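# Next one to model:
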Amino acid sequence: AGTHTMAGINVALWDIAGKACDRPVHQLLGGPFKTRFRAYCSILFGDTPGETHELAARFAGEGFTAIKFGWGPMGESEETDVALVREARKGAGETVDILIDAGQVWDWKTALKRAHQFSEYNPFWLEEPLHPQDIRGFARLTAESPVPIATGEAESRLEDFERLVLEGGLDWIQPDPARCGISTMVQVGRMAHRHHARVVNHSFKSGLTIAASLHALACVPHGEVFEFCMTDSPLRHDLTHETFEVVDGYVTVPDGPGLGVTVNEETVEKYRTH
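Numbering: from 1, shown residues only. Have a look, this model is predicted:
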C-alpha cells in the first residue's frame, strides 16, 4: 500500500511539473521514441469458450489488431483451458494477435504443458501463468516455453522487476504506473531494453493510468504494444474529461501539458468513499 501511494504521488508530481513547464511529461523524460502504439483490446475471457469466440469476433470487428483475454474460467480444467484459447483464435481470425492472461493459476510444469498446447493457436504471449514471486518457476518455464512469457504487473520496485528479467528470463515485463509510478516504469523499460527483454504497460482502469502509461512507454526505446482496457466502468471512462480512441488499431500519446488529461471532479465526488 505504501509503494502504491508513492506511485500515485509520483504520477501527480510529473503532471504538475509538465503543466508548470507547459510541456508533455514524455518530453521531460527525454522522449518520445514513439508517439503512438498498437493497442491491444484487454478483456476477460467469456464464461464459456463460445462466449469467448463471440467476444473475439466482436473486438476484431471493431478494428483491434490484437486482443488479450484474461482470467475467467482459465485454470479450471485442461479441456476448458485449451477450448478457451482455441475459440479465441477462431473468433478473432488468423490475422489478429491473441494474448493470453492466465491469472496465476498453474505451477511451472503445468504452465509449460499449456504453452505447448496453446502454441498451435499462435498466441502473442502467455501472461502471469505463475505466482509473481515464483522466480525459479519462471526461469524453468521461460527456458523451455515455445510461447513468450509476460508478467510484472504486481511489482513496484525496480529491483523486483530486475529479478524477473535477469533471474526469471522474462520475455515481456509489465509495469503498472499506478503501482510503481512513472519514474520507475521508465527505469524498468530502459533496464529491460538493456537486457533484450520488452516492456508493455499494465493499465486496466482509468484515463489517468492510460495517460501515465502512454507517456512512460514513449520514453523507452522499444515500446511496441499497449494495453487498452475495454471494461465498461465509470472509473475507466469518466474519471478524466479527455477520452482515448483507437484509430486504425493505434492509440496516440497525449501532447498537452503534463499528462494531457484533467480529472473530472464530479466523477470523483460521485464515487468517493468516506
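
# can you give me the helices for the stretch 151-274 of the chain?
For the stretch 151-274 of the chain, the helices defined by DSSP state H, counting those that start in this stretch cover 158-166, 177-194, 207-217, 234-237, 265-271.

# For the last one, list every residue counted as buried.
Residues of helix 265-271 classed as buried under the neighbour-count rule (16 or more other C-beta atoms under 10 Å) are T267. For every residue, glycine as well, the C-beta is placed using N, CA and C.

# One more: the first one?
For helix 158-166, the buried set under the neighbour-count rule, 16+ other C-beta under 10 Å, comprises L158, D160, F161, E162, R163, L164, V165.

# if I look at the first one, how far off is M230?
L158 sits at a distance of 30 Å from M230 (criterion: C-beta to C-beta, to the nearest Å).

# now do the third one
If you measure F161 against M230 using C-beta to C-beta, the figure is 26 Å.

# One more: the second one?
Plainly put, D160 is 29 Å away from M230 if you go by C-beta to C-beta.

# can you list the helices of the stretch 151-274 of the chain in TSV and add distance to H53 and mean pLDDT?
Output for those, formatted as TSV (distance: least, C-beta to C-beta, whole Å; pLDDT from 0 to 100):
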stretch	distance to H53	mean pLDDT
helix 158-166	33	97
helix 177-194	32	97
helix 207-217	28	97
helix 234-237	24	84
helix 265-271	34	93
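
# Out of these, which is closest to L28?
Nearest to L28 among these is helix 207-217; the distance by C-beta to C-beta comes to 8.9 Å.

# could I have that closest one exported to PDB, CA atoms only?
Written as PDB, here are the backbone C-alpha positions of helix 207-217 (Å, rounded to 0.1, in the frame of the first residue of the first chain):
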ATOM      1  CA  GLY A 207      -7.800   7.600 -18.200                       C
ATOM      2  CA  LEU A 208      -5.200   8.700 -15.600                       C
ATOM      3  CA  THR A 209      -3.300   5.400 -15.800                       C
ATOM      4  CA  ILE A 210      -3.700   5.200 -19.600                       C
ATOM      5  CA  ALA A 211      -2.200   8.700 -19.900                       C
ATOM      6  CA  ALA A 212       0.600   7.900 -17.400                       C
ATOM      7  CA  SER A 213       1.400   4.600 -19.300                       C
ATOM      8  CA  LEU A 214       1.500   6.300 -22.700                       C
ATOM      9  CA  HIS A 215       3.900   9.000 -21.500                       C
ATOM     10  CA  ALA A 216       6.200   6.400 -19.800                       C
ATOM     11  CA  LEU A 217       6.100   4.000 -22.700                       C
END
